[in-house]
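[1] Need coordinates for the following:
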Amino acid sequence: MKTSIFYKFRAYFRSSSRWFWDTPERALEDAYEAVLKIKALEDTYFDGGKVDFKVGQFSNSEIVYFKRELKNNLNAAKIRLSEFNLSHSIISDSVKKLGQGEETLTIGSPERAAITLEKLRFIDEILLRYSRKSKLSQALIPITKTPDRAVSKAPINDNTVKPPASPYPSLETVASKETIVDKSSFLPRSILGTLSRVKSELDPKAEEELIKNFRVSKFKTVISLRFILLMILIPLLTQQITKNFVIGPAIDNLKNQGRIEIFLNTEMEEEAFVDLERYERKLHFQHLTGRVTELTDEEMEERLEERAIEIQREYRDRSADSIKNIFADLFSFMAFCLVIVTSKREIDVVKSFLDDVVYGLSDSAKAFIIILFTDMFVGFHSPHGWEVILEGISRHLGLPESREFIFLFIATFPVILDTVFKYWIFRYLNRISPSAVATYRNMNE
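    Residues are numbered from 1 along each chain as shown. Here you go, the predicted structure:
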């Protein structure tokens, strides 16, 4: 059973990997189909020319329809073309990072390269007609002024094929982009920010730089949120699937055969004895208050026996569930480690994204968050919270609640966290935002 599950997971990861590597080709096909629809609209109603409502006589409903179709297809083509540029750049960098040859890229053989470049040329021809500025896209090769030329799929010389440069940032570019943490100077940041803003506003390429920075920020946000979501969902789904469909049936089978211990530790045994004793006292109390008739010794013994069987079944289920949790959590941890190991560059992007978010907050917000987290995890009342968490983990895994271990953990781990917080404030925050540190000290006092 474990082997079949392993093969299923391997097949799933293979299909996911195949879907990822096919993203550039899939995006290019969608963009190509969108511009073909625009071309069909031009050929059918505008004699092969640009969609222009001054040519011919159309009703208001027809004009609204043409505008909607043109807008939808243009947006689809632009979005899918951007997806092609971005995904092709990511895959190209990934292939180079892994040390594979250039022939493994999406645009590999001369025939496929020729078809891909011809599609890009045709897409850019259509998009250029409806662009506000008659400028060629940086992502495509030069366009010849033959709009009605058929798209050729003949192979071209491999020496002339050059992968198109993407205007969108690659994952490596975003990960290596300078963040707020890397920026420090002997002058206040407000003065430097004002000078930089004036300089950028006078720069003739300021608009292009602004668009580029926006694309970097957008790409960074999407990648970070998606990766954080994957880090949460993949271990959680792995834990539930393993517990309910992989390990669960085998453990339930052993439980039905009576091969699972009723009590995994002495604490569970003591809880069961307390429950049975409480039930016996309850029967005695009901008899004394007249709520039930007097029970004979045989009847009392029979009721206690029924209750003992119920307690046995309940605690055996708890023991089986704890064993399931151990294996399921182990598989979940392995899935989490797999995500981390295979996503080192995404982690760099997430770190850059978190730097921008944290250091982009106001000084009061930074101080508030620091005080909140320090008081919650290393503050005066934090030992009670850590004690509840450790006891819950012990019950979840069916482990005995060792008071010595809990007290030792509470005496050491919060101290380590407090040291890390103080070092971070001294090493980074004090250099990046001294006013936030001053605000934190005033609020903390």
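
[2] so where's the stretch 151-300 of the chain uncertain?
    Filtered on pLDDT under 70, the stretch 151-300 of the chain yields the residue ranges 151-195, 197, 199-204.

[3] all helices for it, in order.
    171-176, 189-202, 206-241, 247-256, 266-288, 297-341 (DSSP state H, counting those that start in this stretch).

[4] Can you add mean neighbour count and distance to F421 and give those helices back as a markdown table?
    (Glycine included, C-beta is placed from N, CA and C.) Output for the helices of the stretch 151-300 of the chain, formatted as a markdown table (neighbours: other C-beta atoms under 10 Å; distance: least, C-beta to C-beta, whole Å):
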| stretch | mean neighbour count | distance to F421 |
| --- | --- | --- |
| helix 171-176 | 18 | 26 |
| helix 189-202 | 11 | 23 |
| helix 206-241 | 15 | 22 |
| helix 247-256 | 15 | 39 |
| helix 266-288 | 13 | 34 |
| helix 297-341 | 15 | 23 |
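
[5] Nearest to A27, out of those helices?
    helix 206-241 (14.7 Å; C-beta to C-beta).

[6] distance between the closest one and the chain's centre?
    Remark: helix 206-241 is offset 6 Å from the chain centroid, using C-alpha atoms, centre = their mean, to the nearest Å.

[7] From the contact counts, what lies against it?
    helix 171-176, helix 189-202, helix 297-341, helix 344-359 (3 or more C-beta pairs under 8 Å, 6 or more residues apart in numbering; DSSP states H and E).

[8] ok, 7 Å please
    helix 171-176, helix 297-341, helix 344-359 (3 or more C-beta pairs under 7 Å, 6 or more residues apart in numbering; DSSP states H and E).

[9] could these be laid out in TSV, adding distance to D43?
    Formatted as TSV, those follow (distance: least, C-beta to C-beta, whole Å):
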stretch	distance to D43
helix 171-176	40
helix 297-341	49
helix 344-359	44
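
[10] looking at those, which is closest to F227?
    Among the helices and strands packed on helix 206-241, the nearest to F227 by C-beta to C-beta is helix 344-359 (4.5 Å).

[11] To M376, which of the helices of the stretch 151-300 of the chain lies closest?
    Distance to M376, taken as C-beta to C-beta, is lowest for helix 206-241 among those, at 20.3 Å.

[12] ok, and the closest non-adjacent residue to the residue nearest to the spatial centre of the chain?
    Nearest residue to the geometric centre of the chain (C-alpha atoms, centre = their mean): F227, 2.3 Å. Ranked by C-beta to C-beta, 6 or more residues apart in numbering and with sequence neighbours excluded, the top spatial neighbour of F227 is E346, at 4.5 Å.

[13] what about that neighbour, neighbour count?
    Burial of E346 is recorded as 21 neighbouring residues (other C-beta atoms under 10 Å).

[14] pLDDT at it, what is it?
    Predicted confidence (pLDDT) for E346: 88.

[15] cool, and I393?
    At I393, pLDDT is 92.

[16] what's around R395, how many residues?
    15.
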